[in-house]
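Q: how would this look folded up:
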Amino acid sequence: MKKWVSVLSVAGLGLTLAGCGEDKPDLTITSFTDELQGPIDKFEEINDVTVELQIIPTADYRQTMQPTLESGDGAPDIFTGEIAYMQQWLNADYWTDLSAEPYNVDEWEDEYVDYVYDLGKDEDGNVRAMSWQTTPGGIYYRRSIAKEVLGTDDPKEVGAMMANMDDLFEVGAKMKEAGYALFPDEGSISKFTSFATGGSDPQPWVNEDNELVVTDERLSYFDYAKTLRDEQYTALAPAWSPSWYESFNGPINYNMGWEELEGEAATAAEAEANSQIEVFSVALPTWALDAVFKQSSNANAGDWAVTNGPSSYFEGGTWLGVYEGSENKDLAFKFVEMMVHDEEFLTERALETGDVLSYKPVTEAIKDDMSDDFLGGQNHYEFFLEEAEKIDANVVTPYDQQLNELFGTQVGAYVEGEISKEEGVQEFYNQVNNAFPDIVTPDEK
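A: Numbers count the residues shown, from 1 in each chain. As a prediction, the model looks like this:
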């Protein structure tokens, strides 16, 4: 059967979608990831249809899809969304109401992890999008390094050593002394401080009074990130860079990702220029097991495990639904149903990829016996499903993606020595005021 896969440029989206001509597939799906290709292959085989998967790079996805969904010109039958911007799409009626006839997915509500189901609802409580996965996070770490430096590779024992910030930094000191980096870069620490979905007391970025919520814990990202840099607890491999991926597969050259450093950090980096360093751990959510580690860390398969950090958090996730203007809604919903509600398919997917599912009939059936060879036989379901129960969807706002980026940029500038912490906080407020004039920042009160 012919495979329909295309990677679309920003400029070519409408032309590509509209230009299928006589070879038009039975169904089109647009996403920012290729994780749907396997399910599509199975769906084509079962239903004797052709499905085209159109992939738009993550960085371009939102701004590329927005006008297409608004106009309907070249829109797909199914499209995906991510938690960071999904609320805006839910309330724009881009996705079909799946609570209505003939879909009636409200009947499924009790079968899903609460926050996953709730996040797919519009402001009126109607389900517009659904997800097959739950995405709590943890700290993935190398077992061999843990055993060498900490004396154990047991996830619960290692987690107990990183259960608060002081202890985590103590582990960082031990790793440095043994010649390892605690994290690839400073970004991992953000999961436990600044994200709306993390920290010991998660708070939405914007409250009901449209006020920007800036807690002491959120501001601590500045301090913790600076300490990681100053104490040389990282490998200076920026998140999602080639060196970041390489760090999961073995030693990397120190400071592969940063062009310039200042002060003592520059001196240390120069001294280490020709040396290599190995990374102990990184903070990432459930989906990283298949999408990151199994794709980039084959040399260390079986040497990984996952445990808790100083606090719980969740990050990302892929929701999908049927485009309101689709002419193939029945077939489109059939695909959605397979992705989120087909027990046989979801069981196979979980066992093959290790993906932690949101569909409780399957998780209840497999959780006690789940084991992943990549994680040294660890039952990661046991850990992640407990973490999923701690997630509160009420902390998610439509502003999260942009605010996280604006905040992180200022933290980065502070870590690099370009600005003071006070200047970084004020510049963050200034940028929030420019981007979202209706949000009241603390300096305006």
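
Q: all strands of the chain, in order?
A: 4-7, 27-31, 51-55, 78-82, 137-142, 180-181, 252-253, 276-279, 281-285, 304-307, 318-322 (DSSP state E).

Q: packing partners of the fourth one?
A: Think strand 78-82. With contacts defined as 3 or more Cβ pairs under 8 Å, 6 or more residues apart in numbering; DSSP states H and E, the packing partners of strand 78-82 are strand 27-31, helix 58-71, strand 318-322, helix 329-341. (C-beta placed from N, C-alpha, C; glycine too.)

Q: adding mean pLDDT, distance to Gly172 and mean neighbour count as columns, could you present the ones you listed in TSV?
A: Below are those laid out as TSV (pLDDT from 0 to 100; distance: least, Cβ to Cβ, whole Å; neighbours: other Cβ atoms under 10 Å):
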stretch	mean pLDDT	distance to Gly172	mean neighbour count
strand 27-31	98	37	25
helix 58-71	93	30	16
strand 318-322	97	32	24
helix 329-341	98	40	20
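
Q: make TSV out of these and add distance to Val51.
A: TSV is the format used below for these (distance: least, Cβ to Cβ, whole Å):
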stretch	distance to Val51
strand 27-31	5
helix 58-71	18
strand 318-322	13
helix 329-341	7
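
Q: so which of those is nearest Val440?
A: helix 58-71 (25.2 Å; Cβ to Cβ).

Q: tell me the helices and strands packed up against the closest one.
A: Helix 58-71 is packed against helix 13-18, strand 78-82, with contacts defined by 3+ Cβ pairs under 8 Å, 6+ apart.

Q: could you tell me the angle between that helix and strand 78-82?
A: 130 degrees (axes from the mean of the first three to the mean of the last three Cα atoms, to 10 degrees).

Q: got the angle for helix 58-71 vs strand 27-31?
A: Helix 58-71 and strand 27-31 meet at an angle of 130 degrees, taking the same axes, to 10 degrees as the criterion.

Q: if we can go back for a sec, lowest average confidence across the helices and strands packed on helix 58-71, which one?
A: Mean pLDDT is lowest for helix 13-18 out of the helices and strands packed on helix 58-71, coming in at a mean of 42.

Q: returning to that earlier point: out of the helices and strands packed on strand 78-82, which is closest to Asn433?
A: Closest approach to Asn433 among the helices and strands packed on strand 78-82 is made by helix 58-71 (21.8 Å; Cβ to Cβ).

Q: quick check: angle from that closest one to strand 51-55?
A: Between helix 58-71 and strand 51-55, the angle comes out at 120 degrees (the same axes, to 10 degrees).

Q: how about helix 58-71 as PDB, C-alpha atoms only?
A: Taking Å, rounded to 0.1, in the frame of the first residue of the first chain, the C-alpha atoms of helix 58-71 are listed here in PDB:
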ATOM      1  CA  THR A  58       7.200  21.700  16.000                       C
ATOM      2  CA  ALA A  59       8.700  25.200  15.900                       C
ATOM      3  CA  ASP A  60       6.400  26.200  13.000                       C
ATOM      4  CA  TYR A  61       3.300  24.100  13.800                       C
ATOM      5  CA  ARG A  62       1.100  26.500  15.700                       C
ATOM      6  CA  GLN A  63       1.600  29.600  13.500                       C
ATOM      7  CA  THR A  64       1.300  27.400  10.300                       C
ATOM      8  CA  MET A  65      -1.800  25.600  11.300                       C
ATOM      9  CA  GLN A  66      -3.700  28.600  12.800                       C
ATOM     10  CA  PRO A  67      -4.700  30.300   9.500                       C
ATOM     11  CA  THR A  68      -5.400  26.900   7.800                       C
ATOM     12  CA  LEU A  69      -7.800  25.900  10.600                       C
ATOM     13  CA  GLU A  70      -9.400  29.400  10.600                       C
ATOM     14  CA  SER A  71     -10.000  29.400   6.800                       C
END
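
Q: show me the shaky parts of the protein.
A: Scanning the chain with the threshold set as pLDDT under 70 gives 1-22, 196, 255-274.

Q: nearest to the spatial middle of it, which residue is it?
A: Gly316 (3.3 Å; Cα atoms, centre = their mean).

Q: contact partners for the closest residue to it other than its chain neighbours?
A: In this structure, Gly316 finds its nearest non-sequential neighbour in Thr135, 5.4 Å apart by Cβ to Cβ, 6 or more residues apart in numbering. Contact analysis of Thr135 by Cβ atoms under 8 Å, 6 or more residues apart in numbering lists 83, 285-287, 314-317, 356.

Q: repeat that for 10 Å
A: 83, 113, 115-116, 197, 284-288, 313-318, 355-356, 358, 384, 387-388, 391 (Cβ atoms under 10 Å, 6 or more residues apart in numbering).

Q: how near is Asp372 to Asp342?
A: Counting by Cβ to Cβ, to the nearest Å, the separation of Asp372 from Asp342 is 22 Å.

Q: okay but Glu117 is in contact with Glu107, surely?
A: Rather than Glu, residue 117 is Tyr. No: using Cβ atoms under 10 Å as the test, Tyr117 is too far from Glu107 to be in contact (11.9 Å).

Q: give me the more crowded residue out of those two.
A: Between Tyr117 and Glu107, Tyr117 has the larger neighbour count (other Cβ atoms under 10 Å), namely 22 against 9.

Q: relative to Gly125, how far out is that one?
A: 11 Å.

Q: over to Glu211?
A: In this view, Glu211 and Gly125 are 25 Å apart by Cβ to Cβ.

Q: which one's more surrounded, these two?
A: Neighbour tally, Glu211 and Gly125, criterion other Cβ under 10 Å: the higher count belongs to Glu211, 15 against 9.

Q: quick check: closest non-adjacent residue to that one.
A: Val440 is the one closest to Glu211 (Cβ to Cβ, 6+ apart), at 4.7 Å.

Q: show me the contacts for the closest residue in space to Lys390 that isn't next to it in sequence.
A: Spatial nearest neighbour of Lys390, chain neighbours left out: Ser312 (4.6 Å); criterion: Cβ to Cβ, 6+ apart. By Cβ under 10 Å, 6+ apart, the contact set of Ser312 is 136-138, 191-192, 197-200, 202, 386-391.

Q: show me which of the residues you listed are buried.
A: 136-138, 191-192, 197-199, 202, 387-388, 391 (16 or more other Cβ atoms under 10 Å).

Q: of these, closest to Lys121?
A: Closest approach between the buried ones among the contacts of Ser312 and Lys121, by Cβ to Cβ: Ile391, at 15.3 Å.

Q: quick one: contacts for Trp132?
A: 35, 39, 112, 116, 317-320, 336, 338-342, 345-346, 349-350, 355-359, 362.

Q: which among the helices and strands packed on strand 78-82 is found nearest to Glu45?
A: Per Cβ to Cβ, nearest to Glu45 of the helices and strands packed on strand 78-82: helix 329-341, 11.5 Å.

Q: and the closest one, what does it pack onto?
A: The contact analysis (3 or more Cβ pairs under 10 Å, 6 or more residues apart in numbering; DSSP states H and E) places helix 329-341 against strand 27-31, helix 37-47, strand 51-55, strand 78-82, strand 318-322, helix 343-353.
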